[in-house]
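Engineer: attaching a predicted model along with its sequence, questions to come.
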Amino acid sequence: MPDSQPRRARFEALFREHHPAVRAYARRRVPPEAVDDIVSETFLVVWRRLDDVPEPPLPWLLTVARNVAGTERRGAARRARLWLKAQSGHLEGHDPGEFEIADGRALRALARLSERDREALTLVAWDGLTPAQAATVLGEPSVRFRQRLHRAGRRLRAQLAAEPGHQEPAPPRHDHAATGGHA
Amino acid sequence: MITRLDTDLELLDLVRNADPMRDPRVQATAGLDTESALRRLAPELDRRLAPRRTPRRRRAALRIAMLAAGLAAAVFVVANVASTENGSAVSAAQAQTILRHVRAALVFPPHAIYEEDTIATVTARDGARFTSETHEWLSTSPSGSCPPPRDQGSCPYNSRLVRSWNGKVQWEQAFVNGRLDLYDPRTDTIYLAPGIAQNQVPDTPQSTSALSEVEYLLTKPHVTINRHAVLHGRPAMELTVDGGRFSYWVVPSTYQPLQSVDRQDSLPDGQAGVGINRYAIVRLLTRSAASPALLSLQHQHPGATVDHSATDYAAALSRMQHAGDGLTRCSRSGCG
């Protein structure tokens, strides 16, 4: 096919630029054995719809990966439900120090949020999207997403406060920029 | 430890610090690197060359035709609900009744132990096979108090599961009051979980059952029912879902599960194949048969070493998670 070479080159450039981000997105959300499948499926969609990939591509790619992961979760569940549970337990059920995760409390608190609240926070904090880009991934208007992000933050604070080991903070110093929070 | 957060940026920093990808162990299990992944994808790209785009007008006409066909199909489904492959129609009322019975056969009453043994075989086009067997015992009542909200993992159901691949037991696990304990047959050791697997405990009695997927599929629209199917030479009822992707066979008189097929399954190495789940055992154990010993690793392996070390537990969990990494496939001449 005469026009396949530029198309292939364009695809490969897109793949090389965004594969690490899509791979990281998948790994944060599915068991390890499903990561490569989700990444492959995501980029096969890209290959089929290369002309539809918007600029910047990452939010669109993560939207596709999110949809693929949803399907994969159902399939994986069919074969080995507890595998996923064990994987999640690996992250959520143990002493965080054991796995060198910087803040296990936050991870546990995140796990108690609704999926959309968790996605709102993690798309911004983990995947590095702007709120407007994260809104695209969740299919929400930007204004509504910002409200969701704010509410998700408030709920996360509440969950953190309920964590064992939580202590009331010292009174804020007047010479510090602390504002007492937005909750 | 002070957890009060004064700014949203501080909160986002805290979430950022909780990113599992900061853990080198998680990074190490994040799949192929970019160049390897691209090499793996290359043959698939060659196979799936982009379809030549039709002119816009033709595409619009195609969309309209597809829409019309979809509407016609919807009208047909509303009128017929389900029809059989052999031409004998099933009325809407009959289909609803059958579906109700089929679903009811997948729900088990409390205060019992539900036993399920599923043998799943995925066969690729080249004849390669992957077989896994999951034998599990699930308590149909929660093990302790079950405060609301019940969907937040606050309602633990005890269970035990034995997982085999290609005929060899890989590991055994038991949820005990929210803890996920493990048994490794290679070391004949029971590894007790250091804590509760938060939000991951089974919060419905059959959450881990292979048949719970069938339950989900039966909620989809457009289930086609063949009341006069034959499976392995015996009469069966076949329900087909998702445009023919899944089929599920039951005993016509009792609606007991026999087998299901996923025509778009895949092997662990990603190769496409057809997956068959054969439900070798599906039964409810009551009264004296519902012995708590069925759910206990210690009762099932009285001679095993019991390991309380959190480090050993983490290592065992990791071994089990990677048990399939080097899995050899079975060919027609046997497993490598």
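Structural biologist: Structure's in. What do you need? Just so it is clear, the structure is predicted and the values come from calculations on it, not from any experiment.

Engineer: CA atoms for contacts and neighbours, from now on please.
Structural biologist: Will do.

Engineer: below-threshold pLDDT in the stretch 151-300 of chain B: ranges please.
Structural biologist: Across the stretch 151-300 of chain B, the ranges flagged by pLDDT under 70 are B:151-155, B:196-208, B:212-213, B:216, B:266-271.

Engineer: and the strands in it, which stretches?
Structural biologist: Using DSSP state E, counting those that start in this stretch, the strands found in the stretch 151-300 of chain B span residues B:159-165, B:168-176, B:179-184, B:189-191, B:224-231, B:234-241, B:246-250, B:257-266, B:272-285.

Engineer: beyond the lowest-mean-pLDDT helix or strand in chain A, next helix or strand please.
Structural biologist: Within chain A, no helix or strand scores below helix A:57-92, which has a mean of 57 by mean pLDDT, DSSP states H and E. Sequence order places helix A:104-111 as the next helix or strand after helix A:57-92, per DSSP states H and E.

Engineer: give me the neighbour count for the closest residue to residue B:287 other than its chain neighbours.
Structural biologist: Spatial nearest neighbour of residue B:287, chain neighbours left out: residue B:112 (7.2 Å); criterion: Cα to Cα, 6 or more residues apart in numbering or on different chains. Using other Cα atoms under 10 Å in any protein chain shown, residue B:112 has 21 neighbouring residues.

Engineer: correct me, but residue B:112 touches residue B:292?
Structural biologist: No - using Cα atoms under 8 Å as the test, residue B:112 is too far from residue B:292 to be in contact (9.7 Å).

Engineer: quick one: contacts for residue A:44?
Structural biologist: For residue A:44, the contact set (Cα atoms under 8 Å, 6 or more residues apart in numbering or on different chains) comprises residue B:45.

Engineer: go on, residue B:136?
Structural biologist: B:115, B:116, B:117, B:159, B:160, B:161, B:162, B:209.

Engineer: how about those residues, which pair is most distant?
Structural biologist: With Cα to Cα as the measure, no two of the contacts of residue B:136 lie farther apart than B:117 and B:159, at 13.4 Å.

Engineer: that older thread, I'd like the strands of the stretch 151-300 of chain B laid out as TSV, including mean neighbour count and distance to chain A.
Structural biologist: Formatted as TSV, the strands of the stretch 151-300 of chain B follow (neighbours: other Cα atoms under 10 Å in any protein chain shown; distance: least, Cα to the nearest Cα, whole Å):
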stretch	mean neighbour count	distance to chain A
strand B:159-165	21	9
strand B:168-176	21	9
strand B:179-184	24	8
strand B:189-191	24	13
strand B:224-231	20	21
strand B:234-241	20	15
strand B:246-250	23	12
strand B:257-266	20	8
strand B:272-285	19	9
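
Engineer: mind checking these for the one nearest to residue B:90?
Structural biologist: Smallest distance to residue B:90 across these (Cα to Cα): 7.3 Å, for strand B:224-231.

Engineer: restrict the closest one to CA atoms and write it as CSV.
Structural biologist: Written as CSV, here are the backbone C-alpha positions of strand B:224-231 (Å, rounded to 0.1, in the frame of the first residue of the first chain):
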residue,chain,number,x,y,z
THR,B,224,-31.2,-15.9,22.2
ILE,B,225,-32.6,-19.1,23.5
ASN,B,226,-32.4,-22.5,21.9
ARG,B,227,-34.5,-24.9,24.0
HIS,B,228,-33.5,-28.0,21.9
ALA,B,229,-29.8,-27.8,21.8
VAL,B,230,-27.5,-30.8,22.2
LEU,B,231,-24.3,-30.7,24.3
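
Engineer: by contact count, what packs against that strand?
Structural biologist: Helices and strands touching strand B:224-231, by 3 or more Cα pairs under 8 Å, 6 or more residues apart in numbering or on different chains; DSSP states H and E, are strand B:82-83, strand B:234-241.

Engineer: make a markdown table from these and add distance to residue B:220 to it.
Structural biologist: Putting these into a markdown table (distance: least, Cα to Cα, whole Å) gives the following:
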| stretch | distance to residue B:220 |
| --- | --- |
| strand B:82-83 | 13 |
| strand B:234-241 | 7 |
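
Engineer: looking at the ones you listed, which is closest to residue A:45?
Structural biologist: Proximity to residue A:45 (Cα to Cα) singles out strand B:234-241 among the helices and strands packed on strand B:224-231, at 23.9 Å.

Engineer: does anything pack onto that closest one? Which helices or strands?
Structural biologist: Secondary elements touching strand B:234-241 (3+ Cα pairs under 8 Å, 6+ apart): strand B:224-231, strand B:246-250.

Engineer: quick one: the last one to strand B:234-241, angle?
Structural biologist: Right, strand B:246-250. Interaxial angle, strand B:246-250 versus strand B:234-241 (axes from the mean of the first three to the mean of the last three Cα atoms, to 10 degrees): 150 degrees.

Engineer: packing partners for strand B:246-250?
Structural biologist: With contacts defined as 3+ Cα pairs under 8 Å, 6+ apart, the packing partners of strand B:246-250 are strand B:234-241, strand B:257-266.

Engineer: nearest to residue A:24, out of those?
Structural biologist: The closest of the helices and strands packed on strand B:246-250 to residue A:24 is strand B:257-266. By Cα to Cα, the value is 22.5 Å.

Engineer: tell me the strands beside that closest one, with direction?
Structural biologist: strand B:246-250 (antiparallel), strand B:272-285 (antiparallel) (DSSP bridges).

Engineer: residues in contact with it?
Structural biologist: Contacts of strand B:257-266 (Cα under 8 Å, 6+ apart): B:122, B:124, B:245-251, B:272-280, B:282.
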